[in-house]
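1. Any chance you could fold what I've pasted below:
(chains A and B)
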Number of protein chains: 2
Amino acid sequence: MEDRSIQVNLCTSRKEKPKSDELQFGRTFTDHMFVMDYSEPAGWHDPRIVPYQKLEIDPSAMVFHYGQSVFEGLKAYKTSAGEPQLFRPEKNLKRINHSNDRLCIPQIEEEFALRAIQQLVELEKDWIPEAKGTSLYIRPFVISTEPYIGVAPSRHYKFMIILSPVGQYYKEGINPVKIAVENQYVRTVRGGTGEAKTGGNYAASLKAQELVSDSGFAQVLWLDGVEKKYIEEVGSMNVFFKIDGEIVTPALNGSILEGVTRNSVIALLNHWNIPVNERRISMEELRQAHKDGLLEEAFGSGTAAVISPIGQLTWEGEDMQVNNFTTGPVAKKLYDTLTGIQYGRVEDPFNWIVPVGSQVYSKAQ
Amino acid sequence: MEDRSIQVNLCTSRKEKPKSDELQFGRTFTDHMFVMDYSEPAGWHDPRIVPYQKLEIDPSAMVFHYGQSVFEGLKAYKTSAGEPQLFRPEKNLKRINHSNDRLCIPQIEEEFALRAIQQLVELEKDWIPEAKGTSLYIRPFVISTEPYIGVAPSRHYKFMIILSPVGQYYKEGINPVKIAVENQYVRTVRGGTGEAKTGGNYAASLKAQELVSDSGFAQVLWLDGVEKKYIEEVGSMNVFFKIDGEIVTPALNGSILEGVTRNSVIALLNHWNIPVNERRISMEELRQAHKDGLLEEAFGSGTAAVISPIGQLTWEGEDMQVNNFTTGPVAKKLYDTLTGIQYGRVEDPFNWIVPVGSQVYSKAQ
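-> Numbering: from 1, shown residues only, chains lettered A, B, ... in the order given. Prediction:
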């Protein structure tokens, strides 16, 4: 695969690009997409960049029936010099293969996939918006396409990359939201697929979200599937709390997705000598900390929103306000630093940034 | 919707039908399919029977990313008089709406959906094979098609019905299989999507299946996601045990799919005055019953295989043989009676059979 070149078939007319202040998350797609097919015994083959277009897929394709799919989400940012750059794309590609393993999908060569992302983003760089907080969202994904309705791993797949120019995830920028702690539904459980970025986890999450959104909650906070006591994630983000001066976040336990932003937050906190502890945290502990006045901050972390402060947690009818429903200093500093690095405004002490034109896997990792 | 007629667009050339002894499960599809679209505010609209054909779907369609999909499986059988008939289709349509509710998919009118199944099967009745144990598998399913990669319920869907002529699920007919009890992976957990027939449950199950199939096991037996002690399902079937003269099956607990065959098995056992008990069953209890010589039979139940006897259970390295690896009398009687009713060879005391040409929802239910 290493030396395989990507066939390019350019479209004849370009779409109109949306204005920066009219961008919605995930509704507009660029002029081209990347596609690569898998079948046996050929393996992954025919990598190509083609005009963005509908797929022709058999109604019996396995993805429609048995949910065998994985995806990733990352962004391309434009620096003030107009250079497009990526943030830790190797982490996403490592994770897609972790997801592939759990879902019985064949591995993708990570170096080649990064090259595909870079080549596609380079081609579409005029689609990267330039207004503050905007970026080009990159969605690599794999779907199972064998026309067979038996329950078994598919023998045909498509790996695709599509791009969508996006505004800030929350229109209001970094502002606290209300979160409902979910007691009935669960997202996943250890031994399940929680560690993998696969469709079924998100499908399972919709019902709880729907039930609370009418009451003004932005997301639900998920408890563990076994005891329904311990905190796992918030919406589709990882979650952090500042309790009595220490930052805590749920330890990876097999049912929590290892977020790239989560990993970056922990690295930054360590870099700043702010104590951070990955461990089990129960809602009861959080309630007690709130009661004692020790719950100083709470925030989610994820690629889409970067850092999303939690202004209120509601559990079993009790409203717990955090930091007077304002963004706390740690959340603010993390948001400013992460977005600063992503847009090339502040120093990148970790070598996280990957310019779209650079060779990545030749550099030390 | 009640008076809406189904537009029919017939194909111009028919495919060659496979020979009865060459049928494989789920690989051949008939000449036509049923499609109906959902969008807001129109609701479900444009029901139509069209030539079986590939779908044109946007790469950003939500089903590819967030797994919002449900499906059903039932069969059309041909009687010796050549009449096509269905087995309890109302149960499948009730269940697809139960699944729809869990997955935030709009409800489908069950009476209309049955009419669609009947009209499609009537049109394709020459595709119903006639050899022993063969049938026409019916796959209704819903996929989310909105071109949007935000995590939210889709606002566009397709409800489709495709048909596949199938042979006996196991080539060897009703013969015992070896089952491995799964200790690491889980299928789902209470509060999850286990009660719904949705892709993610099946995607989650592939890994465990793959790991044991090399060792000659046909399926895995799933334990509960909370304590990993209690028996839930076997592969994608419900499971029954005969212990000391009594039939037991795991009680529906929110993470077990309520099988139409499971329900029918319980009804038949009651009809025959054979004691049947829906309750929690631990693997430890089963091991003790086996040790005491009281584990008399074990079998799975499902639409595809009808009844699948379990000849051996392997748990924590221990092989437990059941009934000397032969089909027990209860499994045999259930298989003969269920298939007898399905093919119209034996009396149907429960009014389970629905001729393809009949009005169903006008009869007492």
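2. how's chain A carved up into domains?
-> Chain A breaks down by automatic domain parsing into domains covering A:7-167, A:177-342.
3. quick one: is the last one near chain B?
-> Going back to what we said before, that points to domain A:177-342. Yes - using C-beta under 8 Å from any C-beta of the partner chain, domain A:177-342 reaches chain B at A:184-193, A:198-207, A:209-210, A:225-226, A:228, A:235-236. Where you see a C-beta, it was placed from the backbone N, CA and C, and this is true even at glycine.
4. Sheet-wise, list the partners of the helix or strand containing residue A:278 with their directions.
-> Element membership of residue A:278, judged by DSSP states H and E, is strand A:276-279. The sheet places strand A:276-279 alongside strand A:246-250 (parallel), with pairing taken from DSSP bridges.
5. from the chain's centre, how far out does the strand it pairs with sit?
-> Here the centre of strand A:246-250 is set off from its chain's centre by 20 Å, with C-alpha atoms, centre = their mean, to the nearest Å.
6. Kindly report the same for stretch A:257-275.
-> In terms of C-alpha atoms, centre = their mean, the centre of stretch A:257-275 is found 15 Å from the chain centre.
7. Please enumerate residues in contact with that stretch?
-> When contacts are defined by C-beta atoms under 8 Å, 6 or more residues apart in numbering or on different chains, stretch A:257-275 is touched by residues A:74, A:87-88, A:91-92, A:95, A:194-197, A:201, A:233, A:236-238, A:240, A:245-247, A:249, A:252, A:276, A:278, A:301-303, A:306-307, A:330, A:333-334, A:337-338, A:349-350, A:352.
8. now swap in stretch A:321-331 and tell me
-> By C-beta under 8 Å, 6+ apart, the residues outside stretch A:321-331 that reach it are A:174-176, A:242, A:247, A:269, A:274, A:290, A:295-299, A:307, A:309-313, A:335.
9. end to end, how far does that stretch reach?
-> In stretch A:321-331, first residue to last residue: 16 Å (C-alpha to C-alpha, to the nearest Å).
10. what sits opposite the residue lying closest to residue A:47 once chain neighbours are set aside in the beta ladder?
-> Nearest-residue entry for residue A:47: residue A:36, 4.3 Å, with adjacent residues in sequence omitted and distances by C-beta to C-beta, 6 or more residues apart in numbering or on different chains. Following DSSP bridges, residue A:36 is listed with bridge partners residue A:159.
11. With residue B:274 as the reference, measure out to residue A:36.
-> Taking C-beta to C-beta, to the nearest Å as the measure, residue A:36 and residue B:274 are separated by 55 Å.
12. Settle it for me: which of these two has more neighbours?
-> residue A:36 (22 against 15; other C-beta atoms under 10 Å in any protein chain shown).
13. from memory that one sits against residue A:159, does it?
-> Yes - contact criterion C-beta atoms under 8 Å: residue A:36 and residue A:159 qualify, at 4.7 Å.
14. joint contacts of these two?
-> Residues touching both residue A:36 and residue A:159 by C-beta under 8 Å, 6+ apart: residue A:44.
15. what kind of secondary structure is the residue in the stretch 101-250 of chain A that chain B sits nearest to in?
-> Ranking the residues of the stretch 101-250 of chain A by distance to chain B (C-beta to the nearest C-beta) places residue A:200 first, at 2.0 Å. Using DSSP: H, G, I helix; E, B strand; the rest coil, the structure places residue A:200 in helix.
16. Could you do residue A:287 as well?
-> Classification of residue A:287 by three-state DSSP places it in helix.
17. end to end, how far does stretch A:69-82 reach?
-> First-to-last residue span, stretch A:69-82, C-alpha to C-alpha: 35 Å.
18. for it, what is the average pLDDT?
-> The average pLDDT for stretch A:69-82 rounds to 96.
19. List the buried residues in that stretch.
-> Of the residues in stretch A:69-82, A:69, A:70, A:71, A:72, A:73, A:74, A:75, A:76, A:77, A:78 count as buried by neighbour count, 16 or more other C-beta atoms under 10 Å in any protein chain shown.
20. What of stretch A:110-123?
-> By neighbour count on 16+ other C-beta under 10 Å, the buried set for stretch A:110-123 is A:110-121, A:123.
21. So it, near chain B or not?
-> No - contact between stretch A:110-123 and chain B, assessed by C-beta under 8 Å from any C-beta, is absent, since the two come no nearer than 12.8 Å.
22. can you map out the helices along the stretch 201-350 of chain A?
-> Per DSSP state H, counting those that start in this stretch, the stretch 201-350 of chain A carries helices over the ranges A:260-271, A:283-291, A:329-342.
23. What residues of the strand holding residue A:278 count as buried?
-> Along strand A:276-279, these residues count as buried under the neighbour rule (16+ other C-beta under 10 Å): residue A:276.
24. roughly how far is it from the heart of the chain?
-> Going by C-alpha atoms, centre = their mean, the spacing between the C-alpha centre of strand A:276-279 and its chain's C-alpha centre is 21 Å.
25. do the same with stretch A:339-346
-> Stretch A:339-346 sits 18 Å away from the centroid of its parent chain (C-alpha atoms, centre = their mean).
26. Using PDB, write out every CA atom in it.
-> Once side chains and other backbone atoms are set aside, the C-alpha atoms of stretch A:339-346 remain, and they are given as PDB (Å, rounded to 0.1, in the frame of the first residue of the first chain):
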ATOM      1  CA  THR A 339      -7.700  26.600  20.200                       C
ATOM      2  CA  GLY A 340      -4.600  28.700  20.200                       C
ATOM      3  CA  ILE A 341      -2.500  25.700  19.300                       C
ATOM      4  CA  GLN A 342      -5.000  24.500  16.700                       C
ATOM      5  CA  TYR A 343      -5.000  27.900  14.900                       C
ATOM      6  CA  GLY A 344      -1.300  28.400  15.300                       C
ATOM      7  CA  ARG A 345      -1.700  31.400  17.600                       C
ATOM      8  CA  VAL A 346       0.200  29.900  20.500                       C
END
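27. just to revisit the earlier point, mind checking how far the residue nearest to residue A:47 is from residue A:147?
-> For residue A:36, the distance to residue A:147 equals 19 Å [C-beta to C-beta].
28. Distance check, residue A:256 against residue B:282.
-> Using C-beta to C-beta, one obtains 28 Å as the distance from residue A:256 to residue B:282.
29. So these two - more neighbours on which side?
-> In this view residue A:256 and residue B:282 are compared by other C-beta under 10 Å, and residue A:256 has more residues nearby, 23 against 14.
30. Surely the more buried one is in contact with residue A:233?
-> Yes - counting by C-beta under 8 Å, residue A:233 is a contact partner of residue A:256 at 6.0 Å.
31. Overlap of the contact sets of those two?
-> Counting by C-beta under 8 Å, 6+ apart, the contacts common to residue A:256 and residue A:233 are residue A:250.
32. Please name the bridge partners of the closest residue to residue A:335 other than its chain neighbours.
-> With C-beta to C-beta, 6+ apart as the measure, residue A:307 is the residue that lies nearest to residue A:335, at 4.1 Å, once sequence neighbours are left out. Beta-bridge pairing for residue A:307 (DSSP bridges): residue A:301.
33. residues contacting residue A:307?
-> Counted by C-beta under 8 Å, 6+ apart, residue A:307 has contacts A:174, A:261, A:265, A:299, A:300, A:301, A:331, A:334, A:335, A:338.
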